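1. Pasted the sequence and its predicted model underneath.
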Amino acid sequence: MSFLSYPPPRYGGLKGLINSSFRPADTEPDLISAGADAGVTGASRSQRTHYLATGASTGGEFGLYRIDMPANGTGPSTHFHRTISESFFILSGTIRLFNGEKWIDGTPGDFLYVPVGGLHAFHNASDAPASMLLLFTPGAPREGYFEGFAQLASMSAEERQDFYLRHDNHWV
């Protein structure tokens, strides 16, 4: 049997630190992205992203977001990352997850881990809102990726390609 070892210590103190952070559940989302038809159906079509932990706030260890998706929402097509792994944990509703081989209907409590280089995609194809946790490691600055969506339409093809490469998104 093979066991992983603990990494080297990063804290050498004897008494511990008071350095936790708390985010109440009712905290407003950090980013509200309008759906493709938001002008027709209003704010209820908006995706809400809560930056629960960013790479900056965790010292680059991980990032954790809660993504609240509208009914019949869109999501990224099949892609992979060269530098980060991603994990998806379904909190509510049904989210379609692509595991590199097939589409799966993820429901509350379901979990998908995608190692570095793994093909994946997701979206909410159901008639009801859905919510999931998105965990990525290490803690890359993914906020810029999510916040950059609003500018994609005004970018040239070359600028879009640079944007995706800068944020480690490789489409297939």
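-> Happy to help now that I have it.
2. Quick one: name whatever helix or strand follows the helix or strand of the chain with the lowest mean pLDDT.
-> The helix or strand of the chain with the poorest confidence is helix 38-41; it has a mean of 36 (mean pLDDT, DSSP states H and E). Scanning forward in sequence from helix 38-41 by DSSP states H and E, the next helix or strand is strand 47-53.
3. Buried residues, the lengthiest helix in the chain. List them.
-> When the chain is scanned for its longest helix (criterion: DSSP state H), the result is helix 157-166. Going by neighbour count (16 or more other Cβ atoms under 10 Å), the buried part of helix 157-166 is 163, 164. (Each C-beta comes from the backbone N, C-alpha and C, glycine too.)
4. Average pLDDT for that helix, rounded please.
-> Helix 157-166 shows a mean pLDDT of 96.
5. strands paired with the helix or strand following it, and their directions?
-> The helix or strand immediately downstream of helix 157-166 is strand 170-171, counting by DSSP H and E. Note on strand 170-171: by DSSP bridges, its sheet partners are strand 79-80 (antiparallel).
6. and the residue nearest in space to the middle of the chain, which of the three is it?
-> Ranked by distance to the mean C-alpha position of the chain (Cα atoms, centre = their mean), the top residue is residue 134 at 4.0 Å. Counting by DSSP: H, G, I helix; E, B strand; the rest coil, the backbone at residue 134 sits in strand.
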